[in-house]
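In: Structure for the following, please:
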Amino acid sequence: MKLKLFFAAMIILVCGQMFAQTYPEVTIRNIQYISLDSLNTAPHDYFSPYEGDTVIVTGVVQVAPYYGANPDSNYIMRVGGSGLLLQDEFDREYSGLVVKYMGTDASDFKLLDTGAVVKLKGYVKEYYTTTQFNVIEFTAADLIGFTNRPKPVVLTLDSLAQVGTFAPVYKAEKWEGMYVELRNVTTSDPGTTGGGSFTVFDENGTQVVIGRASTWINSAAAPIAGTKLEYVRGYVETRNNLANGWFIINPCYYDDIKLGNVIPPRISNVTRNKVYAALNEPVVVSAKIKDPDGTIASAKLYYKTSETGNYQSLDMAAATVGDSIYSCTVPGQAAESLIAYYLEAKDNNNAVSTNPTNTTTGLYFYHVLNRALTIKDIQYSPFGSGYSGYNGYNVTVSGVITCDTTDLVDGTFSSAQVYLQDGTGPWSGIKLYGTEVLKLHRGDAVTVTGAVYENYNVTEIKGLDDATVAVVTATGVAVPEATNISTQLIGTSVGSTLPAESYEGVLVKYDTLTVIDDNADGDSGPVANNFGEILVADASNIQTRVELQDGGNDYNNFWDASLENSSYRVRTNDKFGSLTGILYFSYSNYKLIPRKNEDFVDHVSVGVDEEINTLPNSFVVSQNYPNPFNPSTKIQFSIPENAFVTLKVYNSLGQEIRTLVNSNLNRGNHQVVFNAANLSSGVYFYRVEAGNFSSIKKMILMK
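Out: Residues are numbered from 1 along each chain as shown. Presented below is the predicted three-dimensional model:
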């Protein structure tokens, strides 16, 4: 294959079809290099100096685009398409680069193998915090030779993380995109970030995540916690939104992980015989325990009867000699007790493993109940794993639908967003999944039966074969009031972080907001990484995300060119009296998803037109539109200079009922969306004041 491609490339070169030199040629080091001052000073500047630039770069293929006979499905690197790892063969720092093919014909690109020397044209893009090179075209002419595949750089864990912690060593940015090797480490936390991922640590407790960015490891079983590894290899990826560190090592080939000579027992299939543990009712806990390289010497269950209680131990035993199913009985307990537990096994070589591997945040638990099950019981996850105590068990629970498939516009089966709630406050809401729930409507009182699952870090009730049983007991029921919380409570929390996790699936409300950034993931406007998410903050000045694309509303952050002149466009520095919606978790972020337009209250749009020749030269207050209205109307005004502006609404008796604007505004045209959903029909007045200017106009609310 290599020779065939090489001769094809030479023929093209001889014919004079040389690689176009219309863009500057740079080295991988040029793209990746960041000064230590930028890295060590908060906020840490990890963006490439060539971010957004189109350049030409030369390197050796360290990881090929595919393996096996089918290059269309057997990608080695999971980069959202055909990708490879490129390395400078002459440099050992700042010399690795993740590459993704963006062109329309990847046939030549997919044929590349390790050791191929290529010259690539593309643009530099930061994916989260990993520098990525997006190739825009590739032909056989861009293959310019072959060499040996560079050997991995051998690192110690303290090269990437601070001794005894996950905390990053920022100067390790120089290893981003490099193929590295860690030796003599021990595994823990199988499934750290999903798939076959896990964590490794050294004798000092320094830890790094082994990721799942390759196809095979994503579908493989992670090593048993406590397994000694002779080595693990992979390329370095950076993510600043992980709870467990910054740097990830991504193995790519089957021989990138080599087990050592100590393999601890494997504990799996942990179950209890009671879904609902009643008052003073004993519970039998069972598990499958096997040792891959020896025999089981002992097995124990450790439990406590409150979140902060002391552990008691129980011996677990097999029913017959040689049986791999071990069990024990947890004594009955008082009502409302929370029983938290973990299992431990030791083999004949004194190798020890636990399930869960993290016995602080990952504990198994159940409640002792002398009453009906509630959504809070199902959602409650006090230790930080995000998992329900009823995960994998069938439950029946009742509540009111707070959000249906018309509220969240994508009502397809695979991504339906339907939520059930049975009160207010933390842990009171949950996502439903299944064909039947697509028929439910906001305000339906429902009893649902299904199994509890954790789906991409979101707890949901999902029936067998996706057939969740949903019985509507009433319609038109009042939806629970949205719970007022601060943006500080959610902030930039990552998965399962408390207290953010406690509001997952709950109808919540933020008050008095400023839009900090109209695109949480990049530049303004219709760019590739505009996913309709904005950053907002209340008086705490702690920002958090709001998702606009998924709601059944008209608000947008100009993610598509057709939305440029939308009346509902959201810009940086806009204000909202409040935002209401469902708190959701996806792609490593908690985010508020408003439903319909009424969830957006008192939108003040600033700087609608910033062109100097269209800026106003006088004060103007326009008549609201529509008028009469129900329940929302737009109020537009213009100010010819920067000024402190107030906009207030009064009833027919002259009583002030709402302050829509009370802040400094720049010269320009401004728009406020007034939502009167909680007011009765009648005549109202709005008054705009700016310096010595004042104007009053009448509007009619007709419901």
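In: bridging residues for A299?
Out: Counting by DSSP bridges, A299 is bridged to A345.
In: contacting residues for it?
Out: Residues near A299 by Cβ atoms under 8 Å, 6 or more residues apart in numbering: 287, 289, 315-317, 326, 343-346. (Glycine included, C-beta is placed from N, CA and C.)
In: try 10 Å
Out: Going by Cβ atoms under 10 Å, 6 or more residues apart in numbering, A299 touches 265, 267, 287, 289, 314-318, 326-328, 343-346.
In: The nearest residue to D422 once chain neighbours are set aside: neighbouring residues, count only.
Out: Closest residue to D422 apart from its sequence neighbours, by Cβ to Cβ, 6 or more residues apart in numbering: G399 at 3.6 Å. Neighbour count of G399, defined by other Cβ atoms under 10 Å: 23.
In: Surely G399 touches A372?
Out: No. Using Cβ atoms under 10 Å, G399 makes no contact with A372, being 11.8 Å away.
In: mind listing the helices for the stretch 251-400 of the chain?
Out: 375-379 (DSSP state H, counting those that start in this stretch).
In: can you pull out the strands in it?
Out: 257-259, 266-272, 283-290, 296-304, 312-315, 317-318, 325-330, 338-347, 352-355, 364-367, 394-403 (DSSP state E, counting those that start in this stretch).
In: could you give the angle of the second one to strand 283-290?
Out: If I follow you right, that is strand 266-272. Interaxial angle, strand 266-272 versus strand 283-290 (axes from the mean of the first three to the mean of the last three Cα atoms, to 10 degrees): 160 degrees.
In: buried ones in strand 266-272?
Out: With burial defined by 16 or more other Cβ atoms under 10 Å, the residues of strand 266-272 counted as buried are 266-267, 270, 272.
In: and what of the first one?
Out: Taking 16+ other Cβ under 10 Å as the basis for neighbour counts, the residues of strand 257-259 that come out buried are 257, 259.
In: mind checking how far it is from the chain centre?
Out: Here strand 257-259 is found 30 Å from its chain centre; the criterion is Cα atoms, centre = their mean, to the nearest Å.
In: Of the strands of the stretch 251-400 of the chain, which is nearest V409?
Out: Ranking those by proximity to V409 (Cβ to Cβ) places strand 394-403 first, at 11.5 Å.
In: List every C-alpha atom in the helix or strand just after that closest one, with coordinates, as PDB.
Out: Next helix or strand after strand 394-403 toward the C-terminus (DSSP states H and E): strand 418-421. Extracted in PDB, the C-alpha atoms of strand 418-421 (Å, rounded to 0.1, in the frame of the first residue of the first chain):
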ATOM      1  CA  VAL A 418     -40.300  15.000  28.300                       C
ATOM      2  CA  TYR A 419     -40.000  15.800  32.000                       C
ATOM      3  CA  LEU A 420     -42.000  14.800  35.100                       C
ATOM      4  CA  GLN A 421     -42.000  16.600  38.400                       C
END
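In: hmm, back to that, let me have the strands of the stretch 251-400 of the chain in CSV, extended by distance to Y231 and mean pLDDT.
Out: Shown next, in CSV, are the strands of the stretch 251-400 of the chain (distance: least, Cβ to Cβ, whole Å; pLDDT from 0 to 100):
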stretch, distance to Y231, mean pLDDT
strand 257-259, 5, 92
strand 266-272, 22, 93
strand 283-290, 26, 96
strand 296-304, 28, 97
strand 312-315, 36, 97
strand 317-318, 35, 94
strand 325-330, 33, 97
strand 338-347, 23, 96
strand 352-355, 21, 91
strand 364-367, 33, 95
strand 394-403, 44, 95
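In: Of those, which is nearest R233?
Out: Per Cβ to Cβ, nearest to R233 of the strands of the stretch 251-400 of the chain: strand 257-259, 7.6 Å.
In: Could you count how many residues lie near Y101?
Out: 24.
In: just checking, it touches G122?
Out: Yes. Y101 lies in contact with G122 (Cβ under 10 Å); the separation is 8.6 Å.
In: and for these two, which residues touch both?
Out: Common neighbours of Y101 and G122 (Cβ under 10 Å, 6+ apart) are 134-138.
In: In the stretch 301-450 of the chain, where is pLDDT below threshold?
Out: Applying pLDDT under 70 to the stretch 301-450 of the chain flags the ranges 410-416.
In: so where's the stretch 601-703 of the chain uncertain?
Out: For the stretch 601-703 of the chain, the ranges with pLDDT under 70 are 606-615.
In: which residues of it fall in strands?
Out: Applying DSSP E, counting those that start in this stretch to the stretch 601-703 of the chain gives strands spanning 620-621, 632-639, 643-651, 656-665, 668-675, 682-690, 693-701.
In: and what of the stretch 1-150 of the chain?
Out: In the stretch 1-150 of the chain, the segments counted as strands under DSSP E, counting those that start in this stretch are 25-26, 54-63, 83-87, 96-101, 116-127, 130-137, 143-146.
In: mind saving the C-alpha coords of the second one as CSV?
Out: Only the C-alpha atoms of strand 54-63 are listed here, as CSV (Å, rounded to 0.1, in the frame of the first residue of the first chain):
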residue,chain,number,x,y,z
THR,A,54,-5.0,28.3,7.2
VAL,A,55,-1.4,27.0,6.9
ILE,A,56,0.6,24.1,5.5
VAL,A,57,2.3,21.7,7.9
THR,A,58,4.6,18.7,7.4
GLY,A,59,4.9,15.7,9.6
VAL,A,60,5.0,11.9,10.1
VAL,A,61,1.8,9.9,10.6
GLN,A,62,2.0,8.5,14.1
VAL,A,63,-1.5,7.1,14.2
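In: quick check: angle from that strand to strand 130-137?
Out: 110 degrees.
In: List the buried residues for strand 54-63?
Out: 55-63.
In: what's the average pLDDT for it?
Out: Averaging pLDDT along strand 54-63 gives 96.
In: Compute the distance from the centre of that strand to the centre of its chain.
Out: For strand 54-63 - counting by Cα atoms, centre = their mean - the centre lies 30 Å from the chain centre.
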